[in-house]
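J.: next input, structure requested:
(2 chains)
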Amino acid sequence: MDDSVIEVSHLRKTYGDTQAVRDLSLQVHRGEIFGLLGRNGAGKTTTVEIIGGLRRPDSGQVTVLGLDPIRDGARLREQVGLQLQDSQLQPRITVREALDLYASFYPEPADPTALMAELGLTAKAGTRFDRLSGGQRQRLSVALALVGRPQVAILDELTTGLDPHARREAWDLVRQVRASGVTILLVTHLMEEAERLCDRIAVIADGTVVATGTPAELAASARTGRILSFVPDGPVPDGLLDAIPGVQAISLLEGRLVLRGANQMVQDVLVALAGAGLHADDLRLEAPNLEDAFLELTRTEKEVAA
Amino acid sequence: MTAQHPIAHPSTGRRRLAPAPRPLLALIRVEARLFLRDPGTWFFTLVFPALLLTTLGLFMPWADDPYDATDPVLGTITAITGYTPIVLSLAVATVALTGYPATMAGYRQRGVLRRLSATPVAPSRLLAAQVVVNVLALLVAGGLAIGVATVVLDVSAPAQPVTVLLAFVLAAFAAFGLGSLVAAVAPTTGAATGVGMTLYFVSLFFAGVWFPLPLMPEPVQQIATYVPLGAATQAMTAGWAGQPFPTQTLVVLAAWSLVTVPLAGRLFRWS
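T.: Below you'll find the predicted structure:
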C-alpha cells in the first residue's frame, strides 16, 4: 500500500461547450501540503469539487483515502473537510452555533471551544456570521472544515480577500493543521502562497496539469530555460522552428516571435533562420524567473494567439 | 503523537456512527433560534394574525353584527367569528409564502446548501428543519389567534372542530407546497421574496383579509373557491359555522398539495 491519499487519473468534466477539466491526473501523499496552482477559470475548483464528491466527473478515476467520492460519498465526507469558495452560512448564525452545529454532523468531532481558541475566534464566539470580517469568515470556514477531525482538508482559495497580515496568519494556520497530521490540498492562484506553503505543486492550465514538482524543482526547471525573442525580417516558414530540439513553446507577441526552451536552442534557431534566408532583428535572450514560468505554463490559448 | 491536539484526526480506534436524528435535531434547534433572532419574521408570523383579529374585534363597530345576514347559517355567527378563519388563512399564508421560500432561496444563493452537501449531512435535512420550524411557528400563530379570539373576543367555538382542523391542515399542505415551489426555483432571495409576496397578497385578497368573501361579487367568490387560501377560508368557515361538509374546497386544497409538493421535490436545486 503506497501513501497516496488522493489519486486522480485522466479526469474529464465538461459543462455544455466548455471543457472545465481535461485529462487531469495527480497524486497527493499522506501528510503533505499539496498545492493546486492556476489562474482563475483553470479548472481548479471543478477538480476539488469532484475530489470532494460534490460533482460527478464525465470520465476518469478518483480515489480519496481508498474511497470513491460518489459511491462512498457518506464515508468520504466524514473524513474529508472541505472549505469551499463563495459559500456562506446562515446570516444570523453565531460562530459558536455554527461550530456546535457542524460538530453534531460528525462521529468524532473536535472540541469547538478548543478549535475557536486555535483559530483566534474565541472573542467572536457570539458574533453573527453577517457581522464577521472577511478574515474572520475565512477562519470560521477553515474551522468548519476541520471540526470533523478530517484526515484530508481541502482548502479552496483560502486567502482570497485577506490583507497581507491575515494571509500570513492563514499560512501559519495551514502549517499548524498539517503538523497535526492532516493532509492538505490547497487551491490557490497565488504563486507566492504555493511557493511558501506547499511541499509539492501541480500547476493547472486549461483544465489539465502542465507541471508538477516541489517549488524548488519548478523554479529550477524554469531557471534552466531561456526566452529568446526577435523580430524576423520576413515570414517564417511553417514548422521551421518547431522542429528544433529544445524549443518548447513559440508565441507571437506584437510582431515579436517569442521562443521558450532550453539554453542550447539559441544556436540552432539562429542557424535555421539563416538557412531560410531570414534575419533576426532586435534579438533578446532572457532567463525566466519562477513567475515567468508560472505565467507561461498557465497562458491561455487566446493569449498565445494574440 | 498529537492525540490531544484539537484538530488531530482520529488515526486509530473504532468509528461509531452518529445517531441518526442528532444532526436533524441540532438543525431544528439552530433554525428555530435564527427564526426568533429576526424580530420582523416572528412578529409578522407569530403575533400579527392574533393582533389583527384583536384590533378588529375590539375596535370595529361591525364586529358583533351577523357575519352574513342574508345567509341562514352564516347569519348565526358574528362578523368577528366569521373573520377568525380568515385570520387563520393569513397565518398559513404568512408562514408558507413569505418567510419560508425567501429563507430557503437565500440559503441556496449564499451557498449554505452547497456547504452542507460537503458534510455527512445532506442539505435536505436543512430543508426539513426549515419546514419543521415553520410548521411549529404556524401552530403557535394559529393557537395564539384562536386563544385571543376565545378569551378576549368571545368568538363562538367551531360547530365542527374536526372539519376546521382538517381544512387547516390541508391548507397548510397546499400553501407549503406552493411556497416550496417558489423555494425550489427562485435563484435569489430577492426573486423568492418578489414571487412569494405576489402570491401572498393575491392569496390574502381571495382569503378575504380585506373584504370577507360574502361581501365580494359572485365571480370573485367563485374564483376564490379554486385559490388555495380562498378555498381554505371557505372550508374553515363552513366548519366553524356548521354549513354542510365542504367537500369541494377540501378537494381543491388536496389537489393543490398533490400537484405542488411533488413538483417542488422534482424541481428543487441544492446549489
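
J.: can you tell me the average pLDDT over the helix ranked longest in chain B?
T.: Determined from DSSP state H, the single longest helix within chain B is helix B:124-151. Summarised as a single mean, pLDDT over helix B:124-151 is 93.

J.: for it, packing partners?
T.: Contacts defined by 3 or more C-beta pairs under 8 Å, 6 or more residues apart in numbering or on different chains; DSSP states H and E place helix B:124-151 against helix B:21-37, helix B:48-59, helix B:79-93, helix B:100-109, helix B:112-116, helix B:161-185. No exception for glycine: its C-beta is placed from N, CA and C like everyone else's.

J.: chain center to it, what's the gap?
T.: Taking C-alpha atoms, centre = their mean, to the nearest Å, one finds the center of helix B:124-151 at 7 Å from the center of the full chain.

J.: let me have the helices and strands packed on helix B:124-151 in CSV, extended by mean pLDDT.
T.: Formatted as CSV, the helices and strands packed on helix B:124-151 follow (pLDDT from 0 to 100):
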stretch, mean pLDDT
helix B:21-37, 91
helix B:48-59, 92
helix B:79-93, 93
helix B:100-109, 93
helix B:112-116, 92
helix B:161-185, 94
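
J.: just name the most buried of those helices.
T.: Among those, helix B:79-93 has the highest mean neighbour count (mean count of other C-beta atoms under 10 Å in any protein chain shown), at a mean of 27.

J.: can you redo the helices and strands packed on helix B:124-151 as CSV with distance to chain A?
T.: Shown next, in CSV, are these (distance: least, C-beta to the nearest C-beta, whole Å):
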stretch, distance to chain A
helix B:21-37, 4
helix B:48-59, 20
helix B:79-93, 23
helix B:100-109, 7
helix B:112-116, 4
helix B:161-185, 15
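
J.: dump those helices into TSV; add distance to B:Y200 as well.
T.: Converted to TSV, the helices and strands packed on helix B:124-151 look like this (distance: least, C-beta to C-beta, whole Å):
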stretch	distance to B:Y200
helix B:21-37	18
helix B:48-59	13
helix B:79-93	6
helix B:100-109	10
helix B:112-116	23
helix B:161-185	9
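
J.: ok, which of those helices comes nearest A:N40?
T.: For those, the distance to A:N40 is smallest for helix B:112-116, at 18.7 Å, taking C-beta to C-beta.

J.: which parts of the stretch 1-150 of chain A are strands?
T.: Taking DSSP state E, counting those that start in this stretch, the strands of the stretch 1-150 of chain A run over residues A:4-15, A:18-29, A:33-38, A:59-64, A:80-83.

J.: write out the residues of the stretch 151-300 of chain A neighbouring chain B.
T.: A:Q151, A:V177, A:A179, A:S180, A:G181, A:V182 (C-beta under 8 Å from any C-beta of the partner chain).

J.: ok, the fourth one - how many residues close by?
T.: Think A:S180. Per other C-beta atoms under 10 Å in any protein chain shown, the neighbour tally for A:S180 reads 17.

J.: can you check the last one too?
T.: Counted with other C-beta under 10 Å, residues neighbouring A:V182 total 24.

J.: mind checking the SS state of the residue nearest to it when sequence neighbours are not counted?
T.: Of all residues not flanking A:V182 in the chain, A:A153 sits nearest, at 5.2 Å (C-beta to C-beta, 6 or more residues apart in numbering or on different chains). What DSSP: H, G, I helix; E, B strand; the rest coil gives for A:A153 is strand.

J.: surely A:A153 touches A:G181?
T.: No: using C-beta atoms under 8 Å, A:A153 is not in contact with A:G181, being 10.8 Å away.

J.: between these two, tell me which one has more neighbours.
T.: Neighbours were counted for A:A153 and for A:G181 using other C-beta under 10 Å; A:A153 has more, 25 against 19.

J.: how many residues are close by B:L263?
T.: Using other C-beta under 10 Å, B:L263 has 15 neighbouring residues.

J.: in JSON lines, list the residues of the stretch 151-300 of chain A next to chain B along with secondary structure and distance to B:P214.
T.: JSON lines is the format used below for those (DSSP: H, G, I helix; E, B strand; the rest coil; distance: C-beta to C-beta, whole Å):
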{"residue": "A:Q151", "secondary structure": "coil", "distance to B:P214": "68"}
{"residue": "A:V177", "secondary structure": "helix", "distance to B:P214": "68"}
{"residue": "A:A179", "secondary structure": "helix", "distance to B:P214": "75"}
{"residue": "A:S180", "secondary structure": "coil", "distance to B:P214": "71"}
{"residue": "A:G181", "secondary structure": "coil", "distance to B:P214": "73"}
{"residue": "A:V182", "secondary structure": "coil", "distance to B:P214": "69"}
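
J.: among the residues you listed, which pair sits farthest apart?
T.: A:Q151 and A:A179 (14.4 Å).

J.: these two: which is more packed in?
T.: A:Q151 (20 against 13).

J.: for the more buried one, grab phi and psi.
T.: Phi and psi for A:Q151, reported as degrees, to the nearest 10, are phi -80, psi -30.

J.: residue 236 in helix, strand or coil?
T.: The chain I'm using is chain A. coil.

J.: please go with chain B instead
T.: helix.

J.: could you report the neighbour count for the residue of the stretch 101-250 of chain B found nearest chain A?
T.: Per C-beta to the nearest C-beta, B:G111 is where the stretch 101-250 of chain B lies closest to chain A, at 3.2 Å. By other C-beta under 10 Å, the residues close to B:G111 number 17.

J.: let's verify the spatially closest residue to B:G242 that is not a sequence neighbour: helix, strand, or coil?
T.: Using C-beta to C-beta, 6+ apart and skipping the chain neighbours, the partner closest in space to B:G242 is B:A159 (3.2 Å). Reducing the assignment at B:A159 to three states with three-state DSSP gives coil.

J.: with adjacent residues omitted, what lies nearest to the residue of the stretch 101-250 of chain B closest to chain A?
T.: Nearest non-adjacent residue to B:G111 (C-beta to C-beta, 6+ apart): A:S87, at 3.2 Å.

J.: dump the residue contacts of the one you found.
T.: When contacts are counted by C-beta atoms under 8 Å, 6 or more residues apart in numbering or on different chains, A:S87 is found next to A:S141, B:R110, B:G111, B:V112, B:R114, B:R115.

J.: any idea how far B:Q109 is from the last one?
T.: Shown here: B:R115 relative to B:Q109, a distance of 12 Å by C-beta to C-beta, to the nearest Å.

J.: no more questions from me, cheers.
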